[in-house]
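Enquirer: Provide a 3D model corresponding to the input given below.
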Amino acid sequence: MISLSDTQKIGMGLTGFGVFFLFFGMILFFDKALLAIGNVLFVAGLAFVIGLERTFRFFFQKHKMKATGFFLGGVLIVLIGWPLIGMVLEIYGFFLLFRGFFPVVVGFIRRVPVLGYLLNLPGISSLVDKAGESNNMV
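Expert: Residues are numbered from 1 along each chain as shown. Here you go, the predicted model:
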């Protein structure tokens, strides 16, 4: 079992609430208040979990500047009040930032009993294989 500090536990809670508010904001037809709260909680939770310095190093690596620009630009546009455009930019930036983690996530989900069976179905398997491919190192 992984031991978490109190700060990391708070970060996990903030990140969880951030994801919940983002999801709930999208379900409610891109409610800008919920999306703004979700964005702030998600980024703050990430900083609490891995620390401020590592968060800045992750986002501002030279090869991830385009992805960071799209992600943080999307957050800013949501905060300004254009939720649909902001979320599109944010999702694109998120996939660019975290594409190195997708093969690990796909490999983990394939080991989960019910989800692994669903991911190995003929039509879904090829899509998941393509999404799980990574030619970039993290």
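Enquirer: from here on, contacts and neighbour counts on C-alpha atoms
Expert: Fine.
Enquirer: let me know the distance separating the residue nearest in space to the middle of the chain from residue 70.
Expert: Nearest to the geometric centre of the chain sits residue 94, at 5.5 Å (C-alpha atoms, centre = their mean). Between residue 94 and residue 70 the computed distance is 8 Å (C-alpha to C-alpha, to the nearest Å).
Enquirer: do residue 92 as well
Expert: Distance from residue 92 to residue 70, by C-alpha to C-alpha: 7 Å.
Enquirer: the two - which one has more neighbours?
Expert: Remark: of residue 92 and residue 70, residue 70 carries more neighbours, 22 against 16, as counted by other C-alpha atoms under 10 Å.
Enquirer: phi, psi for that one please.
Expert: phi -70, psi -40 (degrees, to the nearest 10).
Enquirer: what sits against it?
Expert: Contacts were defined as C-alpha atoms under 8 Å, 6 or more residues apart in numbering; by that measure residue 70 touches 89, 90, 92, 93.
Enquirer: switch these over to a markdown table; also include secondary structure, pLDDT and distance to residue 56.
Expert: A markdown table is the format used below for those (DSSP: H, G, I helix; E, B strand; the rest coil; pLDDT from 0 to 100; distance: C-alpha to C-alpha, whole Å):
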| residue | secondary structure | pLDDT | distance to residue 56 |
| --- | --- | --- | --- |
| 89 | helix | 96 | 20 |
| 90 | helix | 95 | 17 |
| 92 | helix | 96 | 19 |
| 93 | helix | 96 | 16 |
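Enquirer: show me the helices in the chain, by range?
Expert: In the chain, the helices defined using DSSP state H lie at 6-27, 32-50, 52-59, 65-80, 83-98, 102-111, 113-119, 122-132.
Enquirer: the last one - contacts with which helices or strands?
Expert: What it means is helix 122-132. Secondary-structure packing of helix 122-132 (3 or more C-alpha pairs under 8 Å, 6 or more residues apart in numbering; DSSP states H and E): helix 102-111, helix 113-119.
Enquirer: tilt between the first one and helix 122-132?
Expert: Using axes from the mean of the first three to the mean of the last three C-alpha atoms, to 10 degrees, the interaxial angle of helix 102-111 with respect to helix 122-132 works out to 150 degrees.
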